[in-house]
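Student: what's the 3D shape of this:
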Amino acid sequence: MKKFFLIVLILIVTMSTTFAVALFNTPYIGNSNTMKFHYANCRSVDEMNPSNQVGINSREEAINAGYIPCKRCKP
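Tutor: Below you'll find the model as predicted:
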């Protein structure tokens, strides 16, 4: 049973961008903690705590909500 949960956890961590895209179905993901926004496929999204992920539909929407662009993916 422990192996099953470990495998599931590893899959979730390694595929978090895929889950974020599927969960939000948006081109951008914001981090409510850092107030930065990213392309959904940015490496930073993989490192982000899922509870901080916010789906964002457009760059304009992100800027208007006070988010700043990620320096890694430059959305």
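Student: can you pull the pLDDT of the residue sitting nearest the centre point of the chain?
Tutor: Per CA atoms, centre = their mean, the C-alpha nearest to the average position across the chain is that of V45, at 3.6 Å. At V45, the predicted lDDT confidence score is 94.
Student: go on, K71?
Tutor: Predicted confidence (pLDDT) for K71: 97.
Student: where's it relative to K36, distance?
Tutor: 8 Å (CB to CB, to the nearest Å). For the C-beta atoms, the positions are set from N, CA and C on the backbone; glycine is no exception.
Student: thinking again about what came up before, tell me what the one helix or strand the residue nearest to the centre of the chain maps to is packed against?
Tutor: Secondary structure assignment for V45, by DSSP states H and E: helix 43-47. The contact analysis (3 or more CB pairs under 8 Å, 6 or more residues apart in numbering; DSSP states H and E) places helix 43-47 against helix 16-24, strand 36-39.
Student: which strands or helices does the helix or strand following that helix pack on?
Tutor: Proceeding N to C from helix 43-47, the next assigned helix or strand is strand 53-56, under DSSP H and E. Packing partners of strand 53-56 (3+ CB pairs under 8 Å, 6+ apart): helix 16-24, strand 28-31.
Student: in terms of mean pLDDT, which of these ranks lowest?
Tutor: Comparing mean pLDDT across those, the weakest is helix 16-24, with a mean of 56.
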